[in-house]
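Visitor: Here is the input, now give the coordinates:
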Amino acid sequence: MKFFKIYQNFFLRNLIINALVVGIIFACVYDEFSVENLDWFYLFKKICLGYLPMYFGVLCSNIVLIKIFFFQKKYKIFAVLFIVYWICFYFLMSWYFLYTDLGRLKTLSVFSLVCNGTGIYFLHLWIVQKISQTSKDLINYESELSFLKQQLNPHFLLNAMNNLYGESLVAPERLPDRILNLSDMLRYQIEATKKDFVLLVEEVEFIKKYIEYYAFRNERLSITQNYEGHFEGIEISPLFFLPLVENAIKFSGETSAPYIILDVSVKERKLSFSINNNFLITGSRLSSTGIGIENLKRRLEVYGLKHELKYEKKDDLFSIKLIIWDLPTAAL
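Guide: Sure, this is the predicted structure:
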């Protein structure tokens, strides 16, 4: 874990990688000098002359050949281009080394450069993937813990039991649905946070159940929900919208006439989510920590989602709008 933290430092990571490349150049030219007559400035200049073309040679191989062809599973084209590229590179660099008086570039050195450069690139991708996965797991655990703290604390359960008891006296025929609603919410939360992504359809259904439950708890709460587009096959990280809906219900609930307007629309893989709620300008007993929005920003960053997030307070209205492009789709 400590290594992953160090690796996330852009400066240190590139310093280590570039030091390896310089080491290969150094090995190519060092044997041309005697220890007694070693001119370090001249040796440094030689290393710089050899460093740039070899560095960009590895860079082009990694971000063009490997990223575009290998990762796109065009293996036959990749194999041919990879061999042709490095053969041409070898002859070009052999001429370049003689032209710049660096000596003759050895085949072993180029082979070492290919292996090390490609290997370091794959190692880099693996480390970045592990860091990303660790961050996702941490966020999911934090979301699960936050939700469980709120939903499973004695105060919440006491209110839930009191509400269900009151419902059983007034309208007992509706009690089974209320119990199932609460049970489904808790079950979904426990199962969903074990995954990186869930179906958007499931996430929307969870939000509907969550809103339905709190509308039942607060009869004064007016909620308008609009859903447009085809949600099937689109994926999103679990409990993604919960903090925003949760805050809207919490802060609007303090007003005399609480209301929430929720709009969710999907067009192809573009998602638009907006929520508006009223709140008390003064006299609120709640403190706005901004944790919900900060958590959302962090998740957007960790999952690498292309997005646009806007929010503002105007008079007694709080508005937030989130647009996400290129959402992942479920495997068929």
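
Visitor: secondary structure class for Ile281?
Guide: With DSSP: H, G, I helix; E, B strand; the rest coil as the basis, Ile281 sits in coil.

Visitor: hang on, it packs against Lys313?
Guide: No - proximity of Ile281 to Lys313 does not meet the contact threshold set by C-beta atoms under 8 Å, at 9.0 Å. Any C-beta I mention is one placed from the backbone N, CA and C, and that applies to glycine too.

Visitor: which residues of the stretch 51-200 of the chain score low on pLDDT?
Guide: Residues of the stretch 51-200 of the chain meeting the criterion pLDDT under 70: 51-52, 101-160.

Visitor: Break the chain down into its structural domains.
Guide: With automatic domain parsing as the criterion, the domains of the chain are listed as 2-131, 197-325.

Visitor: all helices of this protein, in order?
Guide: Read by DSSP state H, the chain holds these helices, from start to end of the chain: 2-7, 10-29, 40-60, 75-99, 107-151, 154-170, 175-192, 200-217, 242-252, 291-302.

Visitor: between the last one and helix 242-252, how big is the angle?
Guide: Angle between the axes of helix 291-302 and helix 242-252 is 160 degrees (criterion: axes from the mean of the first three to the mean of the last three C-alpha atoms, to 10 degrees).

Visitor: what's helix 291-302 packed up against?
Guide: Using 3 or more C-beta pairs under 8 Å, 6 or more residues apart in numbering; DSSP states H and E as the contact criterion, the elements in contact with helix 291-302 are helix 107-151, helix 242-252, strand 306-314, strand 317-325.

Visitor: Please save the CA atoms from that helix in CSV.
Guide: The C-alpha atoms that make up helix 291-302 are tabulated as CSV, following Å, rounded to 0.1, in the frame of the first residue of the first chain:
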residue,chain,number,x,y,z
ILE,A,291,-19.9,15.8,2.5
GLY,A,292,-22.5,14.5,0.0
ILE,A,293,-21.2,16.6,-2.9
GLU,A,294,-17.6,16.0,-2.0
ASN,A,295,-18.2,12.3,-2.0
LEU,A,296,-19.9,12.5,-5.4
LYS,A,297,-16.9,14.5,-6.8
ARG,A,298,-14.5,12.0,-5.5
ARG,A,299,-16.4,9.1,-7.0
LEU,A,300,-16.7,10.8,-10.3
GLU,A,301,-12.9,11.3,-10.3
VAL,A,302,-12.0,7.7,-9.2
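
Visitor: how about Leu322, what does it touch?
Guide: Applying C-beta atoms under 8 Å, 6 or more residues apart in numbering to Leu322 gives the contacts 244, 271-274, 296, 307-310.

Visitor: can you pull the pLDDT of it?
Guide: Reading off the confidence values, Leu322 has pLDDT 94.

Visitor: please renumber so the chain begins at 14
Guide: Sounds good: first residue 14 from here, last item Leu335.

Visitor: where's it relative to Ile81, distance?
Guide: Distance from Leu335 to Ile81, counting by C-beta to C-beta, to the nearest Å: 31 Å.

Visitor: Same check on Gly296?
Guide: Following C-beta to C-beta, the distance that separates Gly296 from Ile81 is 59 Å.

Visitor: Show me which of those two is the more surrounded one.
Guide: Between Gly296 and Ile81, counting by other C-beta atoms under 10 Å, Ile81 is the more crowded of the two (13 against 6).

Visitor: Contacts only, for Glu321.
Guide: With contact set as C-beta under 8 Å, 6+ apart, Glu321 has these partners: 335-336.

Visitor: scratch that, Tyr223 is what I was asking about
Guide: Tyr223 is in contact with 198, 255, 258-259, counting by C-beta under 8 Å, 6+ apart.

Visitor: Hmm, which of the residues you listed is lowest in pLDDT?
Guide: Comparing pLDDT over those, the lowest score belongs to Met198 (80).

Visitor: That one: how many residues sit nearby?
Guide: Taking other C-beta under 10 Å as the criterion, the count of residues near Met198 is 17.

Visitor: Which residue, other than its chain neighbours, is closest to it?
Guide: Distance criterion C-beta to C-beta, 6 or more residues apart in numbering; nearest residue to Met198, sequence neighbours excluded, is Lys222 at 5.4 Å.

Visitor: Kindly give the local confidence score, pLDDT, for the one you found.
Guide: The predicted local confidence for Lys222 comes out at a pLDDT of 87.

Visitor: Count the residues that sit near it.
Guide: Using other C-beta under 10 Å, the number of residues around Lys222 comes to 17.

Visitor: Which one of the contacts of Tyr223 is nearest to Phe110?
Guide: When these are ranked by distance to Phe110 (C-beta to C-beta), Leu255 comes first, at 60.4 Å.
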